[in-house]
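In: Take this sequence and fold it.
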Amino acid sequence: MPWWYWMLFGAALLVVEIMLPGSFFVIFFGVGAVVVGLLAGVGAVGEPWLEWLLFSAFSVGSLVAFRGRLLRHFTRSHASTVGTETYVGDTATLTEDLEAGGVGRAELRGTVWTVRSHETTRLVRGQRCRVERLDGLTLWVRPQP
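Out: Sure, this is the predicted structure:
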């Protein structure tokens, strides 16, 4: 197969990978095709059976070697950028009274949240509280001085 067929095949596979959300599977076959295209372009590979063998070896080898790392990297970085730790330290305003050890509601950034507090005293509606942590969809708050 001419070298530029391999390059087109590789480019098409890379475009397919871009269209598939987060699979990181087809990319390795696209890279394998590009590598074989480059080898065929410089004359290092001549026989069609050898081209297909190298394509399979490069594709499967890189898939086994790098896919897990790539998925872990993008999963970890996505989780750290979407995390809700940005709410910690913000000020929420109680929309109802919060009994000691009870559950109430507060507004933060235009959204009403469920709130809890470790305080031993009652917090009153309209009081401003500092967000200490987020547990699921519940804000843990402490009254501001």
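
In: Any buried residues in the helix or strand hosting His73, and which?
Out: According to DSSP states H and E, His73 maps onto helix 48-82. Within helix 48-82, the residues that qualify as buried by neighbour count (16 or more other Cβ atoms under 10 Å) are Glu51, Leu54, Phe55, Phe58, Ser59, Ser62, Leu63. For every residue, glycine as well, the C-beta is placed using N, CA and C.

In: How far away from the center of its chain is it?
Out: Offset of helix 48-82 from its chain centre (Cα atoms, centre = their mean, to the nearest Å): 17 Å.

In: before we move on, what about stretch 136-145?
Out: That offset, for stretch 136-145, works out to 27 Å (Cα atoms, centre = their mean).

In: That one - what's its average pLDDT?
Out: Throughout stretch 136-145, pLDDT has a mean value of 86.

In: And the helix holding His73, what does it pack against?
Out: helix 26-41 (3 or more Cβ pairs under 8 Å, 6 or more residues apart in numbering; DSSP states H and E).
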